[in-house]
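Chemist: pasted the sequence and its predicted model underneath.
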Number of protein chains: 4
Amino acid sequence: MSQPNTDSAILLICCPDRKGIVASVTDFIYKNNGNILDLEQYVDVESNVFFMRVEWSLDGFDIPPGSIGRIFKDNISVKFEMNWGIHFSGQIPRMVIFVSKLSHCLYDILSRTSSGEWNVEVPLIVSNHSELAGVAKTFGIDYHIFENVKENKQKVEAEQIKLLEDYKIDFVVLARYMQILTDKFVSSYPNRIINIHHSFLPAFPGAKPYHSAHERGVKIIGATSHYATAELDAGPIIEQDVVRVTHRDTVEDLIRKGRDLEKLVLSRAVWSHINRNILVYKNRTVVFRG
Amino acid sequence: MSQPNTDSAILLICCPDRKGIVASVTDFIYKNNGNILDLEQYVDVESNVFFMRVEWSLDGFDIPPGSIGRIFKDNISVKFEMNWGIHFSGQIPRMVIFVSKLSHCLYDILSRTSSGEWNVEVPLIVSNHSELAGVAKTFGIDYHIFENVKENKQKVEAEQIKLLEDYKIDFVVLARYMQILTDKFVSSYPNRIINIHHSFLPAFPGAKPYHSAHERGVKIIGATSHYATAELDAGPIIEQDVVRVTHRDTVEDLIRKGRDLEKLVLSRAVWSHINRNILVYKNRTVVFRG
Amino acid sequence: MSQPNTDSAILLICCPDRKGIVASVTDFIYKNNGNILDLEQYVDVESNVFFMRVEWSLDGFDIPPGSIGRIFKDNISVKFEMNWGIHFSGQIPRMVIFVSKLSHCLYDILSRTSSGEWNVEVPLIVSNHSELAGVAKTFGIDYHIFENVKENKQKVEAEQIKLLEDYKIDFVVLARYMQILTDKFVSSYPNRIINIHHSFLPAFPGAKPYHSAHERGVKIIGATSHYATAELDAGPIIEQDVVRVTHRDTVEDLIRKGRDLEKLVLSRAVWSHINRNILVYKNRTVVFRG
Amino acid sequence: MSQPNTDSAILLICCPDRKGIVASVTDFIYKNNGNILDLEQYVDVESNVFFMRVEWSLDGFDIPPGSIGRIFKDNISVKFEMNWGIHFSGQIPRMVIFVSKLSHCLYDILSRTSSGEWNVEVPLIVSNHSELAGVAKTFGIDYHIFENVKENKQKVEAEQIKLLEDYKIDFVVLARYMQILTDKFVSSYPNRIINIHHSFLPAFPGAKPYHSAHERGVKIIGATSHYATAELDAGPIIEQDVVRVTHRDTVEDLIRKGRDLEKLVLSRAVWSHINRNILVYKNRTVVFRG
């Protein structure tokens, strides 16, 4: 008990806007002896919806972590009809990476997890090909290959879901995984499957966006990270970025320049996810601490 | 004859690629005592098409400006089946600005022309509304209003073309002009009508792109300047740029942030055009000195 | 009284961090029947300093605007040792623009104020030259020329301060004003003089930054807007932006590209200032709603 | 002889500007039956210096690669007093990476070399620490540790130079190598040592730039890749890029965001170097095909 508790609690809230929400939530924290480390709120005036992320120190907080949710629910959330979730900085999320043959996003992610940049565990990599098994081995991570995904999609996905459950996976990162997921799979991990699409969505959805961008003669290309939904490349956008190209750039140049974008944009999206900065509403994201 | 000639000649070339093009053109300039100030070439390997922009000093050049084109044609261009054009830095292009009610692009352009940033003449502003007549008057520019453009498009456009001929207009800038031009008008000024569209094309073509961008929840918005063609918002792109937005930005914020983009992107496109940096091929632009 | 009050109150707070600040402030607003439109807080953990901006609707608020400050002070601010300020969206700030000979920032600002983009009044332009008097006249703004500023700085500045008082000026924008202000002048408008410096500070402070940037061979140039302080180009930075350059760009190209940056960066800084988004602490800015 | 030669020759030229240079060089290539793939030239008007990069196909070229240099020298370069170099796309450069303890740039580079993105060989990694030996082993690259570099700098560097000679190293990449090199070492690899500095130079040279950037309250941070010279952080800049930060970003956040910049900027600089796109003149770089 002599060690201070360095953990914090993070509360994410979404509810109809009305007077007194911030006052009630912060009063709840204050009365129970919590010190707010970070608070950000936002009101979508059009929809009259209130969003909030508040993080406070658990050091000296009167309510034990296991009871915070129940007490918050009874005293606050019901009254304001909140959608809410509570997280603790001490809980390290478990991530699975889905890959096909391209290695750049995988290397980028693993260099971040292995250097401690991200506070996340990666017990498993899933692929429809064997090419990147060596990379997984290098980093000491289990690598499961599912062959013929296209032909046996339902069967394969059922096995994958089972595997993810066995590994106690919290969220999925599609690191240039070249397969379309079924609604069933997607709905098993709502707002917990992060995809990277290699275009500036909604421009150039679907296959071969760099070819389309070259054909159209754009002067800037982009990458988009979003939560996967049933509709392809149409899920809520988490992060986007772009890079300038010129007439000199061939399709191969776009692919090369795009790789750097994909790595960056996917990593920023994962960072926001694991830091509990994201709320999803009406197929859009609220990204706090952006 | 004691004054050095500070003018330069600019040759723009597009032709099937083969050996000896650069050697022949530069030899032509060298033999006639010209000093190359700037040369850029580019080969579209896919299409086997050669593009080149070369600028040389007319000081001491053996051929008088009026004869360069004819001699170049006879000696070089025919042999290589070139599409080509010659321009002289001393020729100041004459520009017309088409506007509706929004003033930001107009002010931006006029502040550049009046301060001497651009070496261009603006004798005429055309509009379908009277709102910006005062701005035109302030800068001492003729302002012609064409009413009921939508209802009498063909008649109005015929009058506009006549007016542009009277004013000896070289090229047209659509500075947030809210009317769709007919094929006839567009084909009267091929690759000489510069439009600004307030989205990152090909995303969000057509009307109300900021509303669509907000609805889709993008994290970056853009603006695109392109040559107008018969198909709406589908012409060859000259320049694009983007700015970051967040969930906090309302449609009004996107419009406000977008205005700055529109001004910048349109101005850069006009700059490239008046400096003869642009070649168009297969609905794409080659923008030299980018 | 049948019209709803569309005005809002904005409270800016800076104080030592401790438990209960957000709860107390939001409870104050809630108890008096205010609806929070926007709240952002931030804690500088290193210095243990708390910052907050909260905006709420005055429609139905129990305390009349003229009394909010006093009641807030007695009930809240004293207890938490706050530095604080209250503003009302209905108060339109009065801005003076200082210029020398360059017109681009001036045109950019005036196109924003005249189109209604900014909710600000510009009754006065001050200059040490006559060149831009015509622009001022065009926009119907008084233009005062102070000659020989360098030689009679103290005398001139005393007159300027008197003039600004006569015009009831709230804040000053130095739109490429080529004179150094004395400490006395600067301290008369603390954190209310916004300057634009044409480099990416702290690189290239002082005179001729574009020449220095070219000499050093940088690949990116920038502009910096900051509050003027006694030390030249060393005040708290409000906004910065950059643009890419290449070896092809001469000093003149840097100056041309830089002008667009200067306009943009200065305008964003002024926007943040007039929307009461900025707090200054230890020569740094906290810019809310960034 | 039935296989076409897919290799190309690259000629880099720097000389006093005068008439006829481009004509002479391109005529030389044309007369010997070469097809130009890419040509870019640039004249520094201020210094009257001419720069050029020209690449042509060796397929069917009349002069064997081993003789091109000699013949070019005798026929062209002497006449124009050229500094020049010839390279062949078939020559794969050999690169050594110097590291200390930070892994992010190393992983980024190795993921590019191992995936074939870069056409370069990495036979050797040099470090003053053992931490990254495992990474080297993973990628099958020799790893040499030099201890006590600071205390025995001259002795250690002599051994390093010997080692680089043994490994036939063409150029050096300092991937966040935390040691200052002596003039002797630097002058052994003129314009062939690529460093990454974690600031937007010339702002914040030397140690702890992220701390300085935070202290100064900048709104944008940068990274700079340059050729190492005798003077610390003052060599010719190859590439720079920036990322936006806010008051919320702690020094740790700057370090984290900066890592992504460092990777990107260093990699772009190495790409330009291995593609022979760079000429250095008066401590500035000309980067062709930028």
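Modeler: That came through fine. Numbering: from 1, shown residues only, chains lettered A, B, ... in the order given.
Chemist: average pLDDT for the one helix or strand A:Gln154 maps to?
Modeler: Assessed by DSSP states H and E, A:Gln154 sits inside helix A:153-166. For helix A:153-166, the mean pLDDT works out to 96.
Chemist: so which bits of that helix are buried?
Modeler: By 16 or more other Cβ atoms under 10 Å in any protein chain shown, the buried positions in helix A:153-166 come out as A:Lys153, A:Val156, A:Glu157, A:Gln160, A:Leu163, A:Leu164. All C-beta spots, glycine's among them, are computed from the backbone N, C-alpha and C.
Chemist: distance to chain B added to those residues, as TSV?
Modeler: As requested, the buried residues of helix A:153-166 are arranged in TSV below (distance: Cβ to the nearest Cβ, whole Å):
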residue	distance to chain B
A:Lys153	28
A:Val156	31
A:Glu157	27
A:Gln160	28
A:Leu163	32
A:Leu164	27
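Chemist: so who does the residue in the stretch 51-200 of chain A positioned nearest to chain B touch?
Modeler: Closest to chain B within the stretch 51-200 of chain A is A:Phe200: 6.2 Å, counting by Cβ to the nearest Cβ. When contacts are counted by Cβ atoms under 8 Å, 6 or more residues apart in numbering or on different chains, A:Phe200 is found next to A:Ile220, A:Ile221, A:Gly222, A:Ala223, A:Thr224, A:Gln240, A:Val242, B:Phe200, B:Ala203, B:Ile220, B:Gly222.
Chemist: now, those that are in strands?
Modeler: A:Ile220, A:Ile221, A:Gly222, A:Ala223, A:Thr224, A:Gln240, A:Val242, B:Ile220, B:Gly222 (DSSP state E).
Chemist: most neighbours of all those residues, which one?
Modeler: A:Thr224 (32 neighbours; other Cβ atoms under 10 Å in any protein chain shown).
Chemist: return the residues of the stretch 51-200 of chain A in contact with chain B.
Modeler: A:Phe200 (Cβ under 8 Å from any Cβ of the partner chain).
Chemist: and the strands in the stretch 51-200 of chain A, which stretches?
Modeler: Along the stretch 51-200 of chain A, the stretches classed as strands by DSSP state E, counting those that start in this stretch are A:83-88, A:94-99, A:121-127, A:142-145, A:171-174, A:193-197.
Chemist: now render these as JSON lines, adding mean pLDDT and mean neighbour count.
Modeler: Formatted as JSON lines, those follow (pLDDT from 0 to 100; neighbours: other Cβ atoms under 10 Å in any protein chain shown):
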{"stretch": "strand A:83-88", "mean pLDDT": "96", "mean neighbour count": "15"}
{"stretch": "strand A:94-99", "mean pLDDT": "98", "mean neighbour count": "23"}
{"stretch": "strand A:121-127", "mean pLDDT": "98", "mean neighbour count": "21"}
{"stretch": "strand A:142-145", "mean pLDDT": "98", "mean neighbour count": "15"}
{"stretch": "strand A:171-174", "mean pLDDT": "98", "mean neighbour count": "23"}
{"stretch": "strand A:193-197", "mean pLDDT": "98", "mean neighbour count": "25"}
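Chemist: let's have these in TSV, adding distance to chain C.
Modeler: Formatted as TSV, those follow (distance: least, Cβ to the nearest Cβ, whole Å):
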stretch	distance to chain C
strand A:83-88	18
strand A:94-99	28
strand A:121-127	27
strand A:142-145	38
strand A:171-174	28
strand A:193-197	25
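Chemist: quick one: low-confidence parts of chain A?
Modeler: Residue ranges of chain A with pLDDT under 70: A:1-4.
Chemist: give the contact list for A:Ser272.
Modeler: Here A:Ser272 is in contact with A:Ile238, A:Glu239, A:Ile278, A:Val287, A:Arg289, A:Gly290 (criterion: Cβ under 8 Å, 6+ apart).
Chemist: do the same with A:Ile29
Modeler: A:Ile36, A:Val54, A:Trp56, C:Ala23.
Chemist: could you count how many residues lie near A:Glu147?
Modeler: 12.
Chemist: ok, it - contacts?
Modeler: Neighbours of A:Glu147 in contact, by Cβ under 8 Å, 6+ apart: A:Asn128.
Chemist: quick one, the helix of greatest length in chain A and strand A:94-99 angle?
Modeler: Ranked by residue count, the top helix of chain A under DSSP state H comes out as helix A:251-274. Counting by axes from the mean of the first three to the mean of the last three Cα atoms, to 10 degrees, helix A:251-274 lies at 170 degrees to strand A:94-99.
Chemist: ok, then the element right after helix A:251-274?
Modeler: Next element after helix A:251-274 (DSSP H and E): strand A:278-281.
Chemist: give the pairing partners of that next one; include direction for each.
Modeler: With DSSP bridges as the test, strand A:278-281 is paired with strand A:284-287 (antiparallel).
Chemist: using PDB, list the CA coordinates for the strand it pairs with.
Modeler: Provided in PDB are the C-alpha atoms of strand A:284-287 (Å, rounded to 0.1, in the frame of the first residue of the first chain):
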ATOM      1  CA  ARG A 284     -18.100   8.700 -37.900                       C
ATOM      2  CA  THR A 285     -15.400   8.800 -35.300                       C
ATOM      3  CA  VAL A 286     -14.800  11.300 -32.500                       C
ATOM      4  CA  VAL A 287     -11.000  11.100 -32.000                       C
END
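Chemist: what parts of the stretch 151-290 of chain A come near chain D?
Modeler: Counting by Cβ under 8 Å from any Cβ, the stretch 151-290 of chain A sits next to chain D at A:Arg248, A:Arg256, A:Arg259, A:Asp260, A:Leu264, A:Ser267, A:Arg289.
Chemist: how about the residues you listed in TSV, adding distance to D:Phe171 and neighbour count?
Modeler: Formatted as TSV, these follow (distance: Cβ to Cβ, whole Å; neighbours: other Cβ atoms under 10 Å in any protein chain shown):
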residue	distance to D:Phe171	neighbour count
A:Arg248	24	17
A:Arg256	20	17
A:Arg259	23	22
A:Asp260	21	22
A:Leu264	26	23
A:Ser267	29	23
A:Arg289	40	15
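Chemist: which among the residues you listed gets closest to chain C?
Modeler: Out of these, the member with the shortest distance to chain C (by Cβ to the nearest Cβ) is A:Arg289, at 10.0 Å.
Chemist: what's the separation between the closest residue to that closest one other than its chain neighbours and A:Arg53?
Modeler: Nearest residue to A:Arg289 in three dimensions, chain neighbours excluded: A:Asn277, at 5.2 Å (Cβ to Cβ, 6 or more residues apart in numbering or on different chains). Using Cβ to Cβ, to the nearest Å, one gets 7 Å for the distance from A:Asn277 to A:Arg53.
Chemist: again with A:Arg192
Modeler: A:Arg192 is 17 Å from A:Arg53, by Cβ to Cβ.
Chemist: of those two, who's got more company?
Modeler: A:Arg53 (22 against 17).
Chemist: who's that one bridged to?
Modeler: According to DSSP bridges, beta-bridge pairing links A:Arg53 with A:Leu12, A:Glu40.
Chemist: just to check, it is in contact with A:Ser8?
Modeler: No - look at A:Arg53 against A:Ser8 with Cβ atoms under 8 Å: they stay out of range, at 11.8 Å.
Chemist: quick one on the thing from earlier: taking the residues of the stretch 151-290 of chain A next to chain D, tell me the two that lie furthest apart.
Modeler: A:Arg248 and A:Arg289 (38.1 Å; Cβ to Cβ).
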